[in-house]
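Q: quick one, fold the following:
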Amino acid sequence: MDLDAFYASELDQHAALLTATRAQCREPFKALVAAAAASVRGGGKVMFFGNGGSAADAQNLATELAVRYVKDRAPIAALALTTDSSVLTATGNDMGFAQVFARQVRAVGRKGDLAIGISTSGTSANVIEALKAAREMGVAAAGLTGASGGAMKGLCDPLVCVPSTVTARIQEMHILLGQMLCGALERELGLV
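A: Reported below is the predicted structural model:
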C-alpha cells in the first residue's frame, strides 16, 4: 500500500466535496438554521436522530446546543433520540427497530419542535418512520443526507443533501454542517 498516495487521495476527496458542499448546501443550510431558530424561539426543542456515525453526530450536536458550543450561554433545548438504551431496546424488541425513533418522536415531540433525521443514504427505515411521525404530528421535519436524498426527499423541509455517495465523506460534511448549525443558531438567537 502506498500510504502517501492514500493520504493525499482522502484529503483530495474531502477538499473536493467541501467545495461542492459549499456550492450546493448554502440555501438548505440557511433554511435549517431558520427552522431551528423558529422552533427554539417558539418554546420548542430540536430532536436529532440517526444510526451509527449519524447517531454519534446526533448526540454531539444535541450536547453542543444543550450545554454550549464555544462560550457559556443559556441552554438551547435539544436532545438526541439515540441515547436511551432502555427505550431503544424495548421499542426494538416490542415494535421493531424501524420504530425506535418514531416512538420517541410521538412520546416527546410537540407541535413547534424540529426533528432532524441524519442518514447518509436517506433510506434508513427508522429515520424515515420518525420523520413521517413528526409530519403527522405537526412537528417540523428536517434532514441531513447525501446523494439524491433517498426517501428523505419529500419528507424533509429543509433537506441538506451533501453531493456524494461516499459514506465517510458525507459524514465528514454532516458533522461540519452540524457544528455550523450550532454556531449559527447561537448567533441567530442572540446568545453569543
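
Q: please make it C-alpha for all contacts and neighbour counts, starting now.
A: Fine.

Q: list phi and psi for residue 153.
A: According to degrees, to the nearest 10, the main-chain angles of residue 153 amount to phi -70, psi 130.

Q: who are the neighbours in contact with the closest residue to it other than its chain neighbours?
A: For residue 153, the nearest residue in space outside its immediate sequence neighbours is residue 159; the separation is 7.0 Å by CA to CA, 6 or more residues apart in numbering. The neighbours of residue 159, taking CA atoms under 8 Å, 6 or more residues apart in numbering as the test, are 28, 32, 142-145, 149, 152-153.

Q: and the strand or helix carrying residue 116, what does it pack against?
A: Taking DSSP states H and E as the definition, residue 116 sits inside strand 114-118. With contacts defined as 3 or more CA pairs under 8 Å, 6 or more residues apart in numbering; DSSP states H and E, the packing partners of strand 114-118 are helix 26-41, strand 46-50, helix 53-66, helix 125-137, strand 140-146.

Q: that one versus helix 26-41: what angle between them?
A: Inter-element angle recorded for strand 114-118 and helix 26-41: 140 degrees (by axes from the mean of the first three to the mean of the last three CA atoms, to 10 degrees).

Q: distance from strand 114-118 to the middle of the chain?
A: Taking CA atoms, centre = their mean, to the nearest Å, one finds strand 114-118 lying 5 Å from the centre of the chain it belongs to.

Q: how about CSV for the helices and strands packed on strand 114-118, with mean neighbour count added?
A: Formatted as CSV, the entries for the helices and strands packed on strand 114-118 read as follows, by neighbours: other CA atoms under 10 Å:
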stretch, mean neighbour count
helix 26-41, 19
strand 46-50, 27
helix 53-66, 21
helix 125-137, 21
strand 140-146, 28
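
Q: hmm, back to that, which one of the contacts of residue 159 is nearest residue 186?
A: Using CA to CA, the shortest approach to residue 186 within the contacts of residue 159 belongs to residue 32, at 13.3 Å.

Q: so what's that closest one up against?
A: Under the criterion of CA under 8 Å, 6+ apart, the neighbours of residue 32 are 142, 158-160, 181.

Q: from residue 96, how far out is it?
A: If you measure residue 32 against residue 96 using CA to CA, to the nearest Å, the figure is 30 Å.

Q: same check, this time on residue 51
A: Separation of residue 51 from residue 96 (CA to CA): 15 Å.

Q: out of the two, which sits in the more crowded spot?
A: residue 51 (17 against 13; other CA atoms under 10 Å).

Q: wait, the more buried one touches residue 119, no?
A: Yes - shown here, residue 51 and residue 119 form a contact pair, counting by CA atoms under 8 Å, at 7.2 Å.

Q: check contacts around residue 140.
A: With contacts taken as CA under 8 Å, 6+ apart, residue 140 has the following neighbours: 35, 111-115, 134, 157.
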